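A.B. asks: here is the input, now give the coordinates:
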Amino acid sequence: MKWLFLIYHLQTQNSSERVRVWRLVKKIGAVLYRNSVYVLPYSEERLEDFQWLCQQIKDSKGEASIFVSESRDETENQILLSLFERSREEEYSAVLRSAEELLERIRIEKEKQKPSELLLKKFIREAKQLDDSFNEVERVDFFSVPFANEVRTLLELIRNHLSFTEMKQKFLAPAKNYSRKAFRRKVWATREHIHIDRLCSAWLILRFIDPQAKFLFAPESKLPKGAIPYDTFGAEFSHHGDDCTFETLLKSFQLKDKSLAAIAEIVHDIDMKDNKFGRPESEGLNAVVRALSAFLKDDHKVVEIGSTILDALYAYFSTAKQKRK
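C.D. replies: Coordinates of the predicted model:
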């Protein structure tokens, strides 16, 4: 077999730089052969990976060299193969342990009662992360370790337990369009102890959809049937796909306003925790809303005072928009 060897030395004592190089080595699937010597099975693509890694090491003021070797010694080939099999099995095992733990939590919740929307979304998010981790290992599983099948089967079982198709219909379906005239003088209901998405959605409803709206805040299991639910499990006005409830409401009622869009990005970054938009205001608003909720301990007062803050934020973005013109 033909093999690629990378020998490198980092002169820096900077631990973060050493960790960065180690992560890059791991990303391309190379395994440690001997001290500071890493190996990959030969291919043109993997040669390019090692060349790219060499450049990264040299940019870190290190030294690196690549060697190509064709081994005709079957014993040596088996030693190298076993290194890859052992490394991939360890990585698959880490995914398997996390998957087993997640599956156990899902089973416990299903036996107790219908999981809440927040818990379901958490399970779905964790399942996706496990799928991503598995795919990362599989991408560098150059010799197709049989253990992968066991992990793949378990991940499929998790998806079945989450009824993934059903969850997609409830959480990933696009928002429908509605007329604001049909939503006047309504009672809107959501889970108590509101935070960013439920607060900002209440402000949006009051300011741009239903100015005379009334709000009820209660445990999810006790929300009244006659009210319009929002940001609750299975509600029309809730999370859809990558959108938080605030974004769903914007789309549902065709609120095309650049200042609202800016606030939506802030709410998304806080609520979804994915830093999709990288809004610098997110950390500050998150702290303010959490402080309000903890201090007031009354959702109606949080909406009242929070709305003043959001009015000011909306005015700020509107003024900034006018200045740019």
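A.B. asks: list the buried residues of the helix or strand in which residue 102 is found.
C.D. replies: In this assignment (DSSP states H and E), residue 102 forms part of helix 74-112. If you call a residue buried by 16 or more other Cβ atoms under 10 Å, then helix 74-112 has these buried ones: 80, 84-85, 87-89, 91-92, 95-96, 99, 102-103, 106, 109. (Each C-beta comes from the backbone N, C-alpha and C, glycine too.)
A.B. asks: and that helix, how far out from the chain middle?
C.D. replies: Distance, stretch centre to chain centre, for helix 74-112: 22 Å (Cα atoms, centre = their mean, to the nearest Å).
A.B. asks: just the mean pLDDT for it, thanks.
C.D. replies: Helix 74-112 shows a mean pLDDT of 91.
A.B. asks: same question, stretch 268-287
C.D. replies: 91.
A.B. asks: if we can go back for a sec, other SSEs contacting the helix holding residue 102?
C.D. replies: Contacts defined by 3 or more Cβ pairs under 8 Å, 6 or more residues apart in numbering; DSSP states H and E place helix 74-112 against strand 31-34, strand 37-41, helix 117-139, helix 147-161.
A.B. asks: ok, back up a step: tell me which two of the buried residues of helix 74-112 sit farthest apart.
C.D. replies: 80 and 109 (44.7 Å; Cβ to Cβ).
A.B. asks: tell me which helix or strand of the chain sits lowest on mean pLDDT?
C.D. replies: When the helices and strands of the chain are scored by mean pLDDT, DSSP states H and E, helix 164-167 comes last with a mean of 48.
A.B. asks: SS state for the residue positioned nearest the centre of the chain?
C.D. replies: With distances taken as Cα atoms, centre = their mean, the residue of the chain nearest its centroid is residue 274 (5.4 Å). What DSSP: H, G, I helix; E, B strand; the rest coil gives for residue 274 is coil.
A.B. asks: mind listing what it touches?
C.D. replies: 242, 268 (Cβ atoms under 8 Å, 6 or more residues apart in numbering).
A.B. asks: measure it to residue 252 for me?
C.D. replies: 21 Å (Cβ to Cβ, to the nearest Å).
A.B. asks: now do residue 86
C.D. replies: Remark: distance between residue 86 and residue 252 (Cβ to Cβ) = 53 Å.
A.B. asks: domain parsing for this structure?
C.D. replies: 2-70, 76-172, 180-324 (automatic domain parsing).
A.B. asks: can you tell me which of those domains is most buried?
C.D. replies: Stretch with highest mean neighbour count among the domains of the chain: domain 180-324 (a mean of 17; mean count of other Cβ atoms under 10 Å).
A.B. asks: what does stretch 28-36 rub up against?
C.D. replies: By Cβ under 8 Å, 6+ apart, the list of residues contacting stretch 28-36 reads 5-9, 38-40, 46, 49-50, 53, 80, 83-84, 87, 139-142.
A.B. asks: picking up where we left off before, and of the helices and strands packed on helix 74-112, who's closest to residue 209?
C.D. replies: helix 117-139 (21.6 Å).
A.B. asks: I'd like to check the angle between the helix holding residue 102 and strand 37-41, please.
C.D. replies: Here helix 74-112 points in a direction 80 degrees away from that of strand 37-41 (axes from the mean of the first three to the mean of the last three Cα atoms, to 10 degrees).
A.B. asks: quick revisit: worst average pLDDT in the domains of the chain?
C.D. replies: domain 76-172 (a mean of 85).
A.B. asks: how distant is that domain from the center of its chain?
C.D. replies: For domain 76-172, the distance from its own C-alpha centre to the chain's C-alpha centre is 15 Å (Cα atoms, centre = their mean).
A.B. asks: what's the answer for stretch 257-271, then?
C.D. replies: For stretch 257-271, the distance to the chain centre is 18 Å (Cα atoms, centre = their mean).
A.B. asks: now stretch 199-207
C.D. replies: Using Cα atoms, centre = their mean, the offset of stretch 199-207 from its chain centre is 25 Å.
A.B. asks: and that stretch, C-alpha only, in CSV?
C.D. replies: Taking Å, rounded to 0.1, in the frame of the first residue of the first chain, the C-alpha atoms of stretch 199-207 are listed here in CSV:
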residue,chain,number,x,y,z
LEU,A,199,-41.6,39.0,25.3
CYS,A,200,-40.5,40.4,21.9
SER,A,201,-43.3,38.5,20.2
ALA,A,202,-45.9,40.1,22.6
TRP,A,203,-44.5,43.5,21.8
LEU,A,204,-44.7,42.8,18.1
ILE,A,205,-48.3,41.7,18.4
LEU,A,206,-49.3,44.8,20.4
ARG,A,207,-47.4,47.2,18.3
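A.B. asks: thank you kindly, that will do.
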